[in-house]
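Undergrad: sequence and predicted model, in that order:
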Amino acid sequence: MDRRGWIDKVVVGDAHRVFLPDLGARRAGAGRFRGVRLIHTSLRPTGLTEDDLTDLALLQLDAVITIHVQPDGLPGAVQYAYLLPPDASDKPWRVEGVPSVHGWDEDWLAFITDLEAQFARSPQLERVVGQAGAILVGLTLRNPREARRSLQELERLADTAGLRVLDVVLQNRDKLDGRYCIGKGKLQELVIRSMHLGAEVLIFDRELAPSQLRNIAETTDLKVLDRTQLILDIFAQHAQSREGKLQVELAQLRYRMPRLAIMPTAMSRLTGGIGGRGPGETKLEINRRRAQERVTRLERQLRKLAKNRALRRKRRKKAELPVVSIVGYTNAGKSTLLNRLTRSDVLVQDQLFATLDPTSRRFRFPEEREIIVTDTVGFIHHLPDTLVQAFRATLEELEEADLLLHVLDASDPDVEKHQEAVEEVLADLSLADRPVLQAWNKADAAVPERVHDLVDRYGGLAVSALSGEGLERLLDHMERLLFRHGRIDEVRSMDDIPNASIL
């Protein structure tokens with residue numbers, strides 16, 4: 001029934017269910033309903049069902065109303081439900097009732113007009129230009145604490161990508177659902193929640209299989225991303241150099257090629273915006289053959305650029321300039337430290353993966369000894385394999401390093417987890433044998449006892465790239481690690497150097 005009281009459609013079902021017809025497109029505008037009510041009779045005194053409430057939310061109906069049938073066949077009590085704005089309740093709807101349909105004298109047009117006005121005024125449904133609303137979805141099988149930590153990191157990734165996080169959902173399961181990752185029932189709850197909050201994007205804190213992405217996309221009209229797509233999007237935003245853009249496009253294509261079979265249902269919604277921007281954006285609709293051709297071409301171009309970089313490394317080696325590569329977890333303060341040591345102006349932002357393209361600067365010790373200091377891309381938990389493969393040429397810079405300066409954020413409560421993640425990536429790159437000097441950065445923002453405990457347990461030095469605290473001792477250690485008797489030391493282990501990890 002529409003708002004004028006005219007019957008729009010009559011549907012006959014059975015004692016169990018009614019199949020609703022296509023109601024057409026929704027009305028445009030934030031918080032606007034479809035303009036029709038669903039009114040049905042109930043042969044049993046069960047009231048509104050979960051299916052009724054789900055239809056209310058997914059179809060954005062004005063209301064769902066059930067009229068109970070009395071023993072004499074006449075209409076009796078009424079139960080009805082309508083949607084609520086997100087700032088009015090945690091639940092997306094409210095269920096009410098009246099004893100008899102004959103005593104229901106509600107001015108429905110005034111009621112629904114006022115309700116739509118409440119939705120329009122809701123700050124949570126207010127559209128922010130260039131900032132889509134997102135719901136983050138996590139799944140834990142064994143370790144809820146680890147899953148919550150990962151979701152906090154995913155929230156920072158979403159913020160870096162320019163998304164507005166509206167809700168974070170964590171589901172505990174015994175095993176992963178092969179079709180939907182989180183289970184169909186939970187997915188339907190998420191779709192309803194997204195309607196309630198005005199979310200446009202669902203982001204899963206794991207890499208979805210192509211079949212899972214297809215099944216989820218068929219269930220919802222929302223944009224669906226996984227952790228890998230989100231990281232790829234951030235890399236696409238931050239790539240500045242030609243090589244960086246080529247590497248990002250290569251990683252995007254390698255990720256999307258196995259998923260081209262689900263086009264256009266799921267990934268066509270990724271064209272442009274979050275998850276679909278960057279150098280590879282216009283390649284979303286290409287077929288498998290053309291994608292493979294593009295991958296081959298990109299690999300050829302990157303090999304050529306890698307040769308040029310190898311020549312530069314060869315010249316540096318010939319000049320006997322030792323190389324210090326700054327490594328660490330993303331947003332640990334690597335670029336700030338590079339700027340402080342070399343008086344540079346490398347971009348520094350309080351965001352994940354603010355630095356993507358490697359930057360090298362010369363640094364001179366007081367004894368006229370020069371070194372090359374290189375800032376590299378930050379690492380992260382579950383760094384996608386497609387990114388590691390695409391950036392392997394860039395990460396080859398680390399193979400030529402005489403010393404790895406591992407920067408850690410001492411103020412981060414998860415710094416030890418970050419330390420493990422970086423060491424795992426270095427091991428995967430066969431760099432575990434490189435000499436490493438650990439710098440516990442942001443010591444001025446951390447609890448002093450915590451910093452001393454970290455240094456006592458793991459070695460290294462407490463520093464602050466922002467204030468300059470501890471940098472003189474850091475430089476002294478770097479010089480002693482790199483030079484002995486006026487020459488570069490050929491060391492391969494920290495055990496070869498006395499007092500290498502003294503505070």
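TA: Yes, it's here.
Undergrad: the longest helix seen in the chain: how far from the chain's middle?
TA: For the chain, the helix with the greatest residue count under DSSP state H is helix 288-318. Taking C-alpha atoms, centre = their mean, to the nearest Å, the mean C-alpha location of helix 288-318 is offset from the chain mean by 29 Å.
Undergrad: can you give me the mean pLDDT across it?
TA: Regarding helix 288-318, the rounded mean pLDDT is 78.
Undergrad: show me where the stretch 101-250 of the chain has strands.
TA: Counting by DSSP state E, counting those that start in this stretch, the stretch 101-250 of the chain has strands at residues 133-140, 164-172, 201-204, 223-226.
Undergrad: which other residues reach the longest one?
TA: It refers to strand 164-172. Defining contact as C-beta atoms under 8 Å, 6 or more residues apart in numbering, one finds that strand 164-172 is touched by 124, 128, 131-140, 144, 147-148, 151, 155, 158-159, 182-183, 186, 190, 193, 197-199. No exception for glycine: its C-beta is placed from N, CA and C like everyone else's.
Undergrad: pull out the buried positions in that strand.
TA: Buried residues in strand 164-172, defined by neighbour count with 16 or more other C-beta atoms under 10 Å: R164, V165, L166, D167, V168, V169, L170, Q171.
Undergrad: now the angle from that strand to strand 133-140?
TA: With axes from the mean of the first three to the mean of the last three C-alpha atoms, to 10 degrees defining the directions, strand 164-172 sits at 20 degrees from strand 133-140.
Undergrad: how much space separates L321 from I371?
TA: L321 sits at a distance of 6 Å from I371 (criterion: C-beta to C-beta, to the nearest Å).
Undergrad: can you pull the residues that touch both of the two?
TA: Shared contacts of L321 and I371, defined by C-beta under 8 Å, 6+ apart, comprise R362.
Undergrad: so in the protein, where's the weakest helix or strand by average pLDDT?
TA: strand 487-488 (a mean of 44; mean pLDDT, DSSP states H and E).
Undergrad: would you map the helices across the stretch 301-450 of the chain?
TA: Ranges of helices in the stretch 301-450 of the chain, per DSSP state H, counting those that start in this stretch, are 334-342, 385-390, 392-395, 415-428, 448-458.
Undergrad: which strands and helices sit next to the first one?
TA: When contacts are defined as 3 or more C-beta pairs under 8 Å, 6 or more residues apart in numbering; DSSP states H and E, helix 334-342 sits against strand 323-328, strand 359-364, strand 370-375, strand 403-409, strand 436-441, helix 471-482.
Undergrad: make TSV out of those and add mean neighbour count.
TA: Formatted as TSV, those follow (neighbours: other C-beta atoms under 10 Å):
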stretch	mean neighbour count
strand 323-328	24
strand 359-364	15
strand 370-375	21
strand 403-409	24
strand 436-441	26
helix 471-482	17
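Undergrad: follow-up on the earlier one: okay, the buried residues of strand 164-172 in TSV with distance to T41 and pLDDT next?
TA: As requested, the buried residues of strand 164-172 are exported to TSV (distance: C-beta to C-beta, whole Å; pLDDT from 0 to 100):
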residue	distance to T41	pLDDT
R164	42	89
V165	42	91
L166	37	89
D167	36	90
V168	40	92
V169	36	91
L170	40	90
Q171	36	88
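Undergrad: Throw the strands of the stretch 101-250 of the chain into JSON lines and include distance to S211, thanks.
TA: As requested, these are exported to JSON lines (distance: least, C-beta to C-beta, whole Å):
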{"stretch": "strand 133-140", "distance to S211": "16"}
{"stretch": "strand 164-172", "distance to S211": "19"}
{"stretch": "strand 201-204", "distance to S211": "14"}
{"stretch": "strand 223-226", "distance to S211": "13"}
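Undergrad: hmm, back to that, any of the contacts of strand 164-172 buried? List them.
TA: So, by 16+ other C-beta under 10 Å, the buried ones in the contacts of strand 164-172 are 124, 132-140, 147, 151, 155, 158-159, 182, 186, 190, 193, 197-199.
Undergrad: now H40: closest residue in space, sequence neighbours ignored.
TA: T66 (5.7 Å; C-beta to C-beta, 6 or more residues apart in numbering).
Undergrad: direction included, what does the strand or helix carrying that neighbour pair against?
TA: Using DSSP states H and E, T66 sits within strand 63-69. Here strand 63-69 has these sheet partners by DSSP bridges: strand 37-42 (parallel), strand 75-83 (antiparallel).
Undergrad: and these, which is most packed in?
TA: When those are scored by mean count of other C-beta atoms under 10 Å, the highest mean neighbour count falls to strand 75-83 (a mean of 20).
Undergrad: and V295, what is it in contact with?
TA: L250, L253, R254, M257.
Undergrad: for those, which single residue is the most surrounded?
TA: Scoring the contacts of V295 on neighbours with other C-beta atoms under 10 Å, the highest-scoring entry is L250 at 24 neighbours.
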